[in-house]
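**Student:** fold the following and give me the result.
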Amino acid sequence: MERIISEALINAVMAQEAFVKESRQKIIDLACQMVICIRQGGKIIIFGNGGSAADAQHMAAEFVNRFLINRKPMAAIALTTDSSVITSIGNDFSFDEIFSKQVQALGKREDLALGISTSGGSLNVIKGLEVAKGIGMQTAAFTGGMAGDGGELGKVADVTLNVPTAKTQHIQEVHLWAEHLLCELVEREIFGEN
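**Tutor:** You can find the predicted model right below:
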């Protein structure tokens, strides 16, 4: 157990360091796009499956409620929370359409869509970003994998933040860290250092 704990910590830190080395400017670019989106009256639309669905909800909550600063809410929504919408689309059409139909219904040109997929291959997330691009929204993706390109999702997104490791748990850990970092950067840029 001691060895497993030590190896897990080393691997987690290595994944985070590799991500920052590869994506530092992309993190800044995405934070700036989010600031523009919020300042223009847009919203951040976030979606993913499984643990990435939980990340979408977590991140939306940080934007809407607060992160580090008591301030006015910022518009964000996770497309993973309405079980009636998700199950009706999945039943009547396909699970592959659960995000694209919601983006089509809720998305506006001034919004930003953020798709999260540890593999970069989740078809429903890819389709959600494709619809967002068709609307004229800015698009971003959180992905993972050693290839470094973010898979098919990375090809669709305007900005792709890829965690360069094959270990899903470390991809998810870095995604959450990066989501918190983006919340802090956006919050401080819009509301100051309170």
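**Student:** in its sheet, which strands sit next to the lengthiest strand in the chain, and in what direction?
**Tutor:** Determined from DSSP state E, the single longest strand within the chain is strand 138-144. Partners of strand 138-144 in the sheet, by DSSP bridges, are strand 112-116 (parallel), strand 159-163 (parallel).
**Student:** the one helix or strand Glu179 maps to: which residues count as buried?
**Tutor:** Using DSSP states H and E, Glu179 maps to helix 168-191. Using 16 or more other Cβ atoms under 10 Å as the test for burial, helix 168-191 gives 170-179, 182-183, 185-188, 191. Every residue, glycine included, has its C-beta placed from N, CA and C.
**Student:** thinking again about what came up before, in JSON lines: the strands paired with strand 138-144, plus mean neighbour count, mean pLDDT and distance to Arg66.
**Tutor:** Shown next, in JSON lines, are the strands paired with strand 138-144 (neighbours: other Cβ atoms under 10 Å; pLDDT from 0 to 100; distance: least, Cβ to Cβ, whole Å):
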{"stretch": "strand 112-116", "mean neighbour count": "31", "mean pLDDT": "98", "distance to Arg66": "19"}
{"stretch": "strand 159-163", "mean neighbour count": "25", "mean pLDDT": "96", "distance to Arg66": "23"}
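**Student:** CSV for those strands, including distance to Ile5?
**Tutor:** Putting the strands paired with strand 138-144 into CSV (distance: least, Cβ to Cβ, whole Å) gives the following:
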stretch, distance to Ile5
strand 112-116, 27
strand 159-163, 21
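**Student:** many thanks, have a good one.
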